[in-house]
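Asker: Give me the fold of what follows.
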Amino acid sequence: MKDDLRAFYTKTAEEYFRVIRDAVKEIAPKQLYLGCRFAWVNPRAVEAAAKFCDVVSYNLYQRSIASFRCPAKADVPLIVGEFHFGALDRGMFHTGLVATKSQDERAKTYKDYVQGALRHPQFVGTHWFQYRDESTTGRPYDEENYQIGLVDNADTPYVETIAAVREVGYGMYEYRLGKK
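Answerer: Next comes the predicted model:
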């Protein structure tokens, strides 16, 4: 029974990614198909995505991705669709999914995370979630109220994190090429 279930899961995952890839390429043939942004992963699903996606995407809420290994062991481009860090020394009342002790640590963790992606041969990008802190009363549909923005709700920048974003951004090509 286990072999049959594995085969069924594999076939279902491959069909899912193939059908979507074919539809994307029919409508927008020059656009990249980024998959589904995996959060929790079954290796069979990643193997199927690796066969059909131009880039395999993840939401990786962890402190570092420098040693991340694609479960499919496939040599495919990877992208992070979401990540963030929060701290409670200023701003909101919830750190989000990855807590840091202070804004200084938050900035350092940002820098380490993105530089880890730059050192990783498969990652082609990362995307910070999100620009502004969430509302104190929470989002209407789930009440999530995280301190995860680059700015607070009054558009005041978290200067430590902004400085880290600039530092990494200005030097990312040299860093990626090993010149820094």
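
Asker: Please enumerate the helices of the chain.
Answerer: For the chain, applying DSSP state H gives helices covering 2-27, 43-52, 103-119, 159-176.

Asker: Which one of those lies nearest to residue 142?
Answerer: Between residue 142 and the helices of the chain, the shortest gap by C-beta to C-beta is with helix 103-119, which sits at 22.9 Å. (C-beta placed from N, C-alpha, C; glycine too.)

Asker: how about that closest one: buried residues?
Answerer: Neighbour counts over helix 103-119 (16 or more other C-beta atoms under 10 Å) mark 103, 106-118 as buried.

Asker: how near is the residue most central in space within the chain to residue 35?
Answerer: Nearest to the mean C-alpha position of the chain, counting by C-alpha atoms, centre = their mean, stands residue 80 at 2.7 Å. Applying C-beta to C-beta, to the nearest Å, the value for residue 80 to residue 35 is 12 Å.

Asker: shared neighbours of these two, which are they?
Answerer: Residues touching both residue 80 and residue 35 (C-beta atoms under 8 Å, 6 or more residues apart in numbering) are residue 57.

Asker: Spatially nearest residue to the residue nearest to the centre of the chain (excluding sequence neighbours)?
Answerer: Excluding its sequence neighbours, the residue lying closest to residue 80 (C-beta to C-beta, 6 or more residues apart in numbering) is residue 126, at 4.2 Å.

Asker: tally of neighbours for that neighbour?
Answerer: Neighbour count for residue 126, taken as other C-beta atoms under 10 Å: 21.

Asker: Also the one 3 residues further on?
Answerer: Other residues within reach of residue 129 by the criterion other C-beta under 10 Å amount to 16.

Asker: can you check residue 164 too?
Answerer: Residue 164 has 22 neighbours, counted by other C-beta under 10 Å.
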